[in-house]
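In: Have a look; sequence and predicted model below, questions after that.
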Amino acid sequence: MRFDMTDQSVSVDELPNAYRHTGGRGLTSQYISNEVPPDCNPLEHRNQLVFAPGFLGGTQIPNSGRLSIGAKSPLTGGIKESNVGGSFALNLSMQNIAALAIRGKPQDDNLYVIQIDPELRCTIHSATPYRNLGTYATVDELTNRFGKQNSVLVIGPAGEQMLKSASIQATDLDGRPCRAAGRGGLGAVMGSKGVKAIVLAKPQNNQMEVAEKRRLLQLGAVFSKAIMEAPFSGKVLRKFGTAALVGPVNSLGAFPTFNARTGVFPEWKDISGEELAILTSSRNGKVGHKGCSRCIIKCSNIFHDQDNRYLTSSLEYETIWASGGMCGIHDLDAIAQFDFLCDDLGLDTINTGVAIAVAMDAGHLKFGDANALREMVKEVMTQSDLGRAIGNGPDAVGSILHHDRVPVVKHQSIAAYDPRSIKGMAVTYCSSPMGADHTAGNLIGESLSGVVDPLRREGQVEASRKKQILAMGLDCAGLCLFTGSAIKNDLLTGLFNARFGTSFSSDHLNEMMLSLLKLERNFNQAAGLKSSDDRLPQFFYDEPLPPNFSRVDLSDEDINSIFQ
Ligand code: SF4
């Protein structure tokens with residue numbers, strides 16, 4: 001389904017054969033590679049914003065409700081895919097829609113809402129009443145107007161201002177816009193297209209087509225069992241959420257703290273998953289909350305304030321780290337307020353938290369100042385120079401404060417794993433076509449279980465390569481990353497074959513995923529990114545990280561060799 005925002009036209013075409021055996025990130029990245037000029041400005045009319053459920057979307061397979069969103073990124077300057085949960089992907093696949101693609105740009109500066117009804121009729125409404133409105137208030141207005149059964153994708157003021165950390169927020173199963181496609185500034189691309197929100201009706205029937213239904217269901221049962229039997233996906237996430245990682249990553253000395261000056265946070269217990277679970281239960285909040293369609297893991301939570309009123313959902317590990325450890329803040333209430341503000345303004349919590357940490361490291365703010373954390377997010381709304389820099393991410397803050405300890409790759413902030421103490425993450429951060437990213441080949445599981453020694457250089461390139469290929473497979477399928485420990489290559493291949501009626505081998509599927517990674521890298525090269533962009537900032541190579549006093553010692557050849 002294609003929308004052209006220049007003349008506000010809509011068309012529905014048969015899916016071209018080239019995209020038949022893919023979905024999710026595979027589809028968005030192929031589409032962007034084929035249809036977007038790599039040298040375009042990400043905010044101009046030639047860029048496109050593509051939304052695609054995975055190839056298992058709409059099936060009964062557990063945790064298959066992720067929606068991939070792709071475009072040329074205004075943050076990294078390269079190709080981008082960011083995926084999000086909620087219910088949008090399921091509702092789209094139930095309509096048998098492989099993707100929505102938005103091209104063009106309105107000739108005025110008006111904002112619009114795209115509404116898709118249960119019969120797939122599309123209407124483009126004015127969004128003038130929602131201009132500058134936060135995502136929560138916008139979703140309230142839209143669901144009052146169109147019905148609570150709709151799934152909504154929405155941008156906040158940050159997307160309207162086309163800031164480089166702008167997210168696209170998706171409604172969760174309770175209808176709150178608390179799930180974020182945060183990375184890469186895709187909210188700015190949506191803002192540049194003049195689209196404030198997309199409202200998608202819940203379909204009456206499931207028209208999803210599956211080649212071998214019975215086989216798919218059999219494999220689904222195997223997959224469900226494996227998810228529930230794996231300790232992390234079956235127990236830990238439901239009990240503590242993703243914040244369960246605070247303790248283990250800190251114990252590896254890899255929890256970047258005070259803008260990555262050390263790898264341990266002395267007050268880590270105050271922001272741990274255990275503490276979050278205790279606080280949440282004592283305030284009638286919820287852990288083990290289901291945030292996305294078809295989820296059986298339930299890593300989400302609902303966090304209440306001191307008066308037992310809803311404050312935010314879902315408070316995640318990466319957010320707790322970016323606004324907690326990185327900023328020296330160990331107050332879960334302050335972190336939860338930060339999370340809500342970012343979701344409401346439509347900002348990536350990782351890039352925003354790290355941008356504030358850079359301002360603290362530069363001496364502009366004090367580490368540990370929870371009030372400054374809150375005020376800095378509000379500053380984004382004022383459109384001051386500093387506010388815009390915070391909204392444009394750590395690089396922009398470093399630039400206006402003349403500070404060069406900025407932990408980014410391709411202008412995108414690293415995530416909550418210091419690459420000096422989990423060296424496989426150095427490889428992933430550098431070589432992923434997505435920029436520094438925690439979902440594109442995360443080696444925390446392998447590092448904690450001893451599959452690779454996180455402090456040694458040996459074996460990291462191969463481990464990252466394998467994990468980046470698996471991440472691509474999960475992203476194409478629309479599967480949540482947390483199923484990763486439960487899915488082996490042959491199971492993913494079986495699911496793919498049952499869905500499409502093919503008989504590919506696991507090796508063949510791996511090759512397909514690898515070729516998609518290469519396709520993304522080729523786009524980046526054509527967009528002007530060089531191998532010098534596949535590097536961490538110098539301080540990761542020079543400054544030993546306490547307590548392991550480790551440095552990144554991977555060579556340029558190591559990084560360059562990964563996809564050869
Ligand atoms: S485990 Fe968490 S992120 Fe994954 S599908 Fe479930 S609620 Fe969504």
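Out: In hand now; what should we look at? Residues are numbered from 1 along each chain as shown.
In: check contacts around residue 491.
Out: Residues in contact with residue 491, defined by CB atoms under 8 Å, 6 or more residues apart in numbering, are 219, 222-223, 226. No exception for glycine: its C-beta is placed from N, CA and C like everyone else's.
In: Same question for the helix or strand that it is a member of: list its buried residues.
Out: Assigned by DSSP states H and E, residue 491 belongs to helix 489-500. Across helix 489-500, burial judged by 16 or more other CB atoms under 10 Å covers 489, 491-500.
In: okay but residue 13 is in contact with residue 2, surely?
Out: Yes. Using CB atoms under 8 Å, residue 13 is in contact with residue 2, at 6.9 Å.
In: So those two - more neighbours on which side?
Out: Set residue 13 next to residue 2 and count neighbours by other CB atoms under 10 Å: residue 2 wins out with 17 against 8.
In: Alpha carbons of the helix holding residue 491, as PDB, please.
Out: Output of helix 489-500 as PDB, limited to C-alpha atoms (Å, rounded to 0.1, in the frame of the first residue of the first chain):
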ATOM      1  CA  ASN A 489      18.800 -22.000  12.600                       C
ATOM      2  CA  ASP A 490      16.900 -25.100  11.600                       C
ATOM      3  CA  LEU A 491      13.800 -24.000  13.400                       C
ATOM      4  CA  LEU A 492      13.800 -20.600  11.800                       C
ATOM      5  CA  THR A 493      14.400 -22.300   8.400                       C
ATOM      6  CA  GLY A 494      11.500 -24.700   9.100                       C
ATOM      7  CA  LEU A 495       9.200 -21.700  10.000                       C
ATOM      8  CA  PHE A 496      10.300 -19.900   6.800                       C
ATOM      9  CA  ASN A 497       9.700 -23.000   4.600                       C
ATOM     10  CA  ALA A 498       6.200 -23.700   6.200                       C
ATOM     11  CA  ARG A 499       5.200 -20.000   5.700                       C
ATOM     12  CA  PHE A 500       6.300 -19.900   2.000                       C
END
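In: Mind giving me the packing neighbours of the helix or strand following that helix?
Out: Next helix or strand after helix 489-500 toward the C-terminus (DSSP H and E): helix 506-526. Other helices and strands packing on helix 506-526, by 3 or more CB pairs under 8 Å, 6 or more residues apart in numbering; DSSP states H and E, are helix 24-35, strand 79-84, helix 460-477, helix 489-500.
In: Just to check, residue 64 is in contact with residue 478?
Out: Yes. Between residue 64 and residue 478 there is a contact under CB under 8 Å: 5.1 Å.
In: ok, and the closest non-adjacent residue to residue 209?
Out: residue 96 (6.4 Å; CB to CB, 6 or more residues apart in numbering).
In: for that neighbour, helix, strand, or coil?
Out: coil (DSSP: H, G, I helix; E, B strand; the rest coil).
In: Pull the number of nearby residues for it.
Out: The local packing of residue 96 (other CB under 10 Å) involves 14 other residues.
In: Enumerate every residue touching residue 474.
Out: 480-481, 483-484, 487, 492.
In: helix, strand or coil for residue 293?
Out: coil.
In: Common neighbours of residue 64 and residue 478, please.
Out: With CB under 8 Å, 6+ apart as the test, residue 64 and residue 478 both reach 54, 56-57.
In: Make TSV out of those residues and add distance to the ligand and pLDDT.
Out: Shown next, in TSV, are the shared contacts of residue 64 and residue 478 (distance: CB to the nearest ligand atom, whole Å; pLDDT from 0 to 100):
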residue	distance to the ligand	pLDDT
54	12	98
56	12	98
57	12	97
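In: Most neighbours among the residues you listed, which one is it?
Out: The shared contacts of residue 64 and residue 478, ranked by neighbours (other CB under 10 Å): first place residue 56, 33 neighbours.
In: How about the contacts made by the residue lying closest to that residue once chain neighbours are set aside?
Out: Spatial nearest neighbour of residue 56, excluding adjacent residues (CB to CB, 6+ apart): residue 64 at 4.0 Å. Shown in contact with residue 64 (CB under 8 Å, 6+ apart): 54, 56-58, 293-294, 477-479.
In: so which of the buried residues of helix 489-500 comes closest to residue 366?
Out: Ranked by distance to residue 366 (CB to CB), the buried residues of helix 489-500 are led by residue 492 at 47.4 Å.
In: Tell me, how many residues neighbour the residue of the stretch 351-500 of the chain found nearest the ligand?
Out: Nearest residue of the stretch 351-500 of the chain to the ligand, counting by CB to the nearest ligand atom: residue 480, 3.2 Å away. Residues contacting residue 480 under the criterion other CB under 10 Å number 26.
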